[in-house]
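In: Provided below are the primary sequence and the corresponding predicted coordinates.
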Amino acid sequence: MMKACRLLLILFIVGTLACSVEAVSAQCAMCTTSVESNAKNGNSTTKGLNNGIMYLLAAPYLAVAVVGYIWYKKYRRKNIDLNMRDEKLHLN
């Protein structure tokens, strides 16, 4: 039951964050006017700019994922004997 509640809470938070997205202007004024004028003239500079932004966005996540995977593979425990008792466990 707790796992279901935790999953619902996480989904609610992610959904709330996804719905509260605002458009932002993260470029300088010179770059913005240059890209807008190129887009109006039919140049494909905007596609290259968008691909570059996506590449720069994905690179840190990929680096963290690779380091996390290596860390998990290196430090996980193998062949651990848990020594569980055969008694029933009472949580009350």
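Out: It's in.

In: I'd like to know the average pLDDT value across stretch 19-30.
Out: Regarding stretch 19-30, the rounded mean pLDDT is 69.

In: then stretch 72-92?
Out: Stretch 72-92 comes out at a mean pLDDT of 72.

In: ok now the host helix or strand of T16, how far from the chain's centre?
Out: Per DSSP states H and E: T16 is located in helix 2-19. Centroid separation for helix 2-19 versus its chain: 15 Å, with CA atoms, centre = their mean, to the nearest Å.

In: got the buried residues for it?
Out: Buried residues in helix 2-19, counted by 16 or more other CB atoms under 10 Å: none are found. To be clear about C-beta, it is placed using only N, CA and C from the backbone, and glycine gets the same treatment.

In: can you offset everything so residue one is 513?
Out: I'll keep to 513 as the first residue from here, and by that count the last item is helix 514-531.

In: counting contacts, what elements does the next helix or strand after that helix pack onto?
Out: Using DSSP H and E, the next helix or strand after helix 514-531 towards the C-terminus is helix 541-553. Counting contacts by 3 or more CB pairs under 8 Å, 6 or more residues apart in numbering; DSSP states H and E, helix 541-553 is packed against helix 557-587.

In: give the buried residues for the helix it packs on.
Out: Using 16+ other CB under 10 Å as the test for burial, helix 557-587 gives L561.

In: give me the helices and strands touching that helix, please.
Out: helix 541-553.

In: pull the CA atoms of the helix it packs on into CSV?
Out: Taking C-alpha atoms only, helix 541-553 is exported to CSV below (Å, rounded to 0.1, in the frame of the first residue of the first chain):
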residue,chain,number,x,y,z
ALA,A,541,18.7,39.6,-27.8
MET,A,542,21.2,39.4,-30.7
CYS,A,543,21.0,35.6,-31.0
THR,A,544,17.2,35.7,-30.8
THR,A,545,16.8,38.3,-33.6
SER,A,546,19.4,36.4,-35.8
VAL,A,547,17.6,33.1,-35.4
GLU,A,548,14.1,34.6,-36.0
SER,A,549,15.2,36.4,-39.1
ASN,A,550,16.9,33.3,-40.5
ALA,A,551,13.8,31.2,-39.8
LYS,A,552,11.6,33.7,-41.7
ASN,A,553,14.0,33.7,-44.6
